[in-house]
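**Student:** Structure for the following, please:
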Amino acid sequence: MRQAGLFGLSDHLKRLSAYGDPLEELGRIIDFEVFRPVLVAALAYGDRAKGGRPPYDPVAMLKVLLLAAQNNVSDARMEYLIRDRLSWVRFLGFDLGVATPDANTIRLFREKLTEAGALDTLFADFDWQLKERGYLAMGGQIVDATLVAAPKQRNTQAEKDAIKEGKKAGEIWPDEPARAAQKDTDARWTLKFAKARPTADGKPGIDIAIPSFGYKSSISICRAFGFIRKCKVTDGARFDGRMLRDVVTNDNTASDVWADTAYRSQANEKWLKRQSRVSRIHRRKPRGKPMPERTAKANAAKSRIRARVEHVFAQQKDKMGLFIRTIGIKRAEAKITLANLAYNMSRLIFHERRAAMG
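**Tutor:** So this is what the prediction gives:
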């Protein structure tokens, strides 16, 4: 077997760069050091007077969480991939042959940030970084929600009723702690409606209701640049329209708010008006009557703008494989917030590339 030369590793990394290592681009465009003060405050590491192994650099560990979010991998898989991929090692700033974070270290790091409420602060800090670069919240905002799937629970009707009453897993399965530890009592079932295609004779098909289990991610994006500006995580059964006030921001330079018919209600319309926002929410078809042509045309015009938010969810679910593997809403919030942050970083790279090209 031919042995690697003295400069083999360096040459290999140079070739990775020549082929366009996306992580090099990510590290060049994103100023990760901006996050250090928040990370240090949240982790509250001691002075190590009692000795012990020093903790990993918090900025490097944040990069680990973002890589996991981008690639939808478990902590155990992440432990392996950090050791396996040279481009990841270089991006994280680890040296070959030295210890790298294991699955337990990664999990505990995420847990500490979650308990300290630091992930929302990190998301807000990056939004500030976007605005400093000139990517202001402009053009109005588009609101929507999507269900993020979690492992389905197989419970009896009595157990389901207990969950709906608000009982925790330890209360429902007091004699089975191992089982209770694997039960998610925060996620909920809901129905997802899939639009049916027209039949062969041109008649409209029947929409399909698909039972789904998990959490709901509600977001608002700015129309001008497509960044997620605000997000909120709830159980999967939460009605979309109730989340409008939680995700509409007050710093967008335009007053327009786009959303689908789930968000149209008298209460929401009045609230938007009080906030000096202009409702561009779709109108519903009158019950028992055909849709007026004027309303249909107005909805179609709104759809051309509103559809942009669907690209966000498509990238998170198809490319990033967003899925909840953890138990409980706090951990689901952490997972989805990291996915939103990772999406905004990839969106920034898209805009920076386009600006460099022309």
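**Student:** residue ranges for the helices of the stretch 201-350 of the chain, please.
**Tutor:** 244-247, 266-274, 293-306, 308-314, 329-357 (DSSP state H, counting those that start in this stretch).
**Student:** Which pLDDT value belongs to residue 354?
**Tutor:** According to the per-residue confidence, residue 354 scores 91 in pLDDT.
**Student:** pLDDT wise, what is residue 267 at?
**Tutor:** What the model reports as pLDDT for residue 267 is 97.
**Student:** Quick one: the strands in this structure, in order.
**Tutor:** Listed in chain order, the strands found in the chain under DSSP state E are 141-149, 188-194, 208-222, 228-235, 256-259, 278-281.
**Student:** With residue 317 as the reference, name the closest of the ones you listed.
**Tutor:** Using Cβ to Cβ as the measure, strand 141-149 is the one of the strands of the chain that comes nearest residue 317, at 7.5 Å. Quick note: C-beta positions are derived from backbone N, CA and C, even for glycine.
**Student:** So which of the helices of the stretch 201-350 of the chain is nearest residue 112?
**Tutor:** Using Cβ to Cβ, these put helix 329-357 closest to residue 112, at 10.6 Å.
**Student:** List the buried residues in that closest one.
**Tutor:** 329, 331-345, 347-349, 351-352 (16 or more other Cβ atoms under 10 Å).
**Student:** one step back: possible to save the helices of the stretch 201-350 of the chain as TSV with distance to residue 255?
**Tutor:** Conversion of these to TSV gives the following (distance: least, Cβ to Cβ, whole Å):
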stretch	distance to residue 255
helix 244-247	15
helix 266-274	9
helix 293-306	14
helix 308-314	18
helix 329-357	23
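**Student:** Of these, which is nearest residue 139?
**Tutor:** helix 293-306 (9.0 Å).
**Student:** For that closest one, name the packing helices and strands.
**Tutor:** Counting by 3 or more Cβ pairs under 8 Å, 6 or more residues apart in numbering; DSSP states H and E, the packing neighbours recorded for helix 293-306 are strand 141-149, strand 256-259, strand 278-281.
**Student:** by how many degrees do it and strand 141-149 diverge?
**Tutor:** For helix 293-306 against strand 141-149, the angle between stretch directions is 70 degrees (axes from the mean of the first three to the mean of the last three Cα atoms, to 10 degrees).
**Student:** tell me how far helix 293-306 is from the chain's mean position?
**Tutor:** Taking Cα atoms, centre = their mean, to the nearest Å, one finds helix 293-306 lying 28 Å from the centre of the chain it belongs to.
**Student:** mind listing what's buried in it?
**Tutor:** Within helix 293-306, the residues that qualify as buried by neighbour count (16+ other Cβ under 10 Å) are 299, 302, 306.
**Student:** Can you give me every residue that contacts residue 34?
**Tutor:** Applying Cβ atoms under 8 Å, 6 or more residues apart in numbering, one finds that residue 34 lies in contact with 125-126, 129.
**Student:** Kindly recompute the last result at 7 Å.
**Tutor:** Counting by Cβ atoms under 7 Å, 6 or more residues apart in numbering, residue 34 makes contact with 125, 129.
**Student:** Roughly how far does it sit from residue 345?
**Tutor:** Here the criterion is Cβ to Cβ, to the nearest Å. By it, residue 34 lies 12 Å from residue 345.
**Student:** Please apply the same query to residue 142.
**Tutor:** Using Cβ to Cβ, one obtains 20 Å as the distance from residue 142 to residue 345.
**Student:** Number of residues surrounding residue 318?
**Tutor:** Taking other Cβ atoms under 10 Å as the neighbour definition, residue 318 ends up with a count of 9.
**Student:** Could you list the low-confidence segments of this protein?
**Tutor:** The chain contains residues with pLDDT under 70 at 1-9, 45-53, 194-207.
**Student:** Can you say which of the strands of the chain is nearest to residue 26?
**Tutor:** Closest of the strands of the chain to residue 26 is strand 228-235, at 17.2 Å (criterion: Cβ to Cβ).
**Student:** would you put the C-alpha positions of that closest one in CSV?
**Tutor:** Coordinates of the C-alpha atoms in strand 228-235 are reproduced here as CSV (Å, rounded to 0.1, in the frame of the first residue of the first chain):
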residue,chain,number,x,y,z
ILE,A,228,-37.3,33.7,8.4
ARG,A,229,-37.8,36.7,10.7
LYS,A,230,-39.8,35.1,13.5
CYS,A,231,-40.9,31.6,14.5
LYS,A,232,-43.0,29.8,17.0
VAL,A,233,-43.3,26.1,17.8
THR,A,234,-46.5,24.5,19.2
ASP,A,235,-48.1,21.1,19.3
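**Student:** what angle separates that strand from helix 329-357?
**Tutor:** On the basis of the same axes, to 10 degrees, strand 228-235 is oriented at 160 degrees to helix 329-357.
**Student:** neighbouring contacts of strand 228-235?
**Tutor:** Judged by Cβ under 7 Å, 6+ apart, the contacts made with strand 228-235 from elsewhere in the structure are 127, 137, 141, 186-188, 215-222, 243, 246-247, 249, 312, 329, 332-333, 336-337, 340, 343-344.
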